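**Q** Got a predicted structure plus its sequence, pasted below:
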Amino acid sequence: MNLTQDMSKVEVKGFEAKFYDRLMDIITLGYYPFFIRKAIRDLRLKKGYKVLDFGAGTGRNALLMHRYIGDEGEIVGLEIGKEMQEQFRRNCATYPNIKLENLRIDSPLPFKEEFDIVFTSFVLHGFIQKKRDIIIQNAYNALKPHGTFAILDYANFEVDKAPWYVRFPIQKVECPLAQDFIERDTKKMLSSFGFGDFEEHFYFGRYVRLLKAKKCN
Ligand SMILES: C[S@@+](CC[C@H](N)C(=O)[O-])C[C@H]1O[C@@H](n2cnc3c(N)ncnc32)[C@H](O)[C@@H]1O
């Protein structure tokens, strides 16, 4: 199949965007809040860290990250969805060190060696490979030397060999770009940009992974 960006469902809009957090909780049968708290704990953020969040959504993740970085750190969320931006602004309004920028992550970004962590959660799978490469390069450029690119997304596995309850949502609910992402080697992809020293944490029976990659050279 010839994959094109217009097959993507990653730009969340309308009803899905308005009720995004609640929908995530419902489709995971109430497990999402526990999962996301654990994944953000596994980031091992430190007080004072500067975090750049690609495709920041409603700000739910930013609020969880703020618990670790405190008032001396900073979170910059990049988000293009109107409904998502509104929720992000509302949810994070009382935190002056959580900011939102209306910037596309799949076009070259202006950040240079400014952040300790670039985080992206359930975003990278929704792009064609050419755009994923731009996003990875943006993360690399934005990170301080030895900074960490943390990707929370589907893990790498053979979708056709996965059980039906994993195969069905990926092949029938997600866009075809998700299967393409899952069946590529993400670590190899990141290595070619100068990332290494990988650390992995798995969730949902090893089908979801937090992949942390250090900026090496
Ligand atoms: C599946 S949602 C995940 C949201 C959030 N990261 C989370 O884990 O809750 C993907 C998000 O990426 C945003 N997005 C999609 N394409 C984008 C782009 N090119 N630049 C910035 N944000 C984008 C969408 O609007 C949406 O909020």
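**A** Looks like it came in fine.
**Q** what sits against residue 100?
**A** Shown in contact with residue 100 (C-beta atoms under 8 Å, 6 or more residues apart in numbering): 56, 59, 76-79, 85, 88-89, 92. The C-beta positions use only the backbone N, C-alpha and C, and glycine is treated the same way.
**Q** For it, name its beta-bridge partners.
**A** residue 77 (DSSP bridges).
**Q** quick one: it and the ligand, what's the gap?
**A** Distance, residue 100 to the ligand, using C-beta to the nearest ligand atom, to the nearest Å: 11 Å.
**Q** number of nearby residues for residue 95?
**A** 15 (other C-beta atoms under 10 Å).
**Q** just the residues of this protein that are near the ligand, which are they?
**A** Residues of the chain lying near the ligand by C-beta under 6 Å from any ligand atom: 10-12, 55-57, 60-61, 78-81, 84, 104-106, 121-123.
**Q** What are the contacting residues of stretch 83-96?
**A** 12-14, 17-18, 20-21, 56-60, 62-63, 66, 77, 79, 98, 100, 102.
**Q** Go again with 10 Å.
**A** Here stretch 83-96 makes contact (C-beta atoms under 10 Å, 6 or more residues apart in numbering) with 11-21, 53, 55-63, 66, 71, 74-75, 77, 79, 81, 98-102.
**Q** for this structure, longest helix please?
**A** Scanning the chain for the longest helix, with DSSP state H as the assignment, gives helix 129-142.
**Q** Tell me which stretches of the protein form strands.
**A** Shown for the chain, the strands assigned by DSSP state E span residues 50-54, 74-78, 98-101, 115-121, 143-154, 195-203, 208-215.
**Q** Take these and write them to TSV, including mean pLDDT.
**A** Output for the strands of the chain, formatted as TSV (pLDDT from 0 to 100):
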stretch	mean pLDDT
strand 50-54	98
strand 74-78	98
strand 98-101	98
strand 115-121	98
strand 143-154	98
strand 195-203	98
strand 208-215	98
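**Q** could you redo those strands as TSV and give each row distance to residue 188?
**A** TSV is the format used below for the strands of the chain (distance: least, C-beta to C-beta, whole Å):
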stretch	distance to residue 188
strand 50-54	20
strand 74-78	25
strand 98-101	30
strand 115-121	18
strand 143-154	13
strand 195-203	10
strand 208-215	11
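**Q** So which of the ones you listed is nearest residue 35?
**A** Proximity to residue 35 (C-beta to C-beta) singles out strand 195-203 among these, at 5.4 Å.
**Q** How far away from the center of its chain is the closest one?
**A** The chain centroid and the centroid of strand 195-203 are separated by 14 Å under C-alpha atoms, centre = their mean, to the nearest Å.
**Q** got the CA coordinates for that strand in CSV?
**A** Coordinates of each C-alpha in strand 195-203 appear next as CSV, following Å, rounded to 0.1, in the frame of the first residue of the first chain:
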residue,chain,number,x,y,z
PHE,A,195,20.6,8.9,19.2
GLY,A,196,21.7,5.9,21.3
ASP,A,197,22.0,4.5,24.9
PHE,A,198,18.4,3.3,24.8
GLU,A,199,16.2,2.6,27.7
GLU,A,200,12.8,0.9,27.4
HIS,A,201,9.7,0.5,29.6
PHE,A,202,6.8,-1.6,28.4
TYR,A,203,3.0,-1.3,29.2
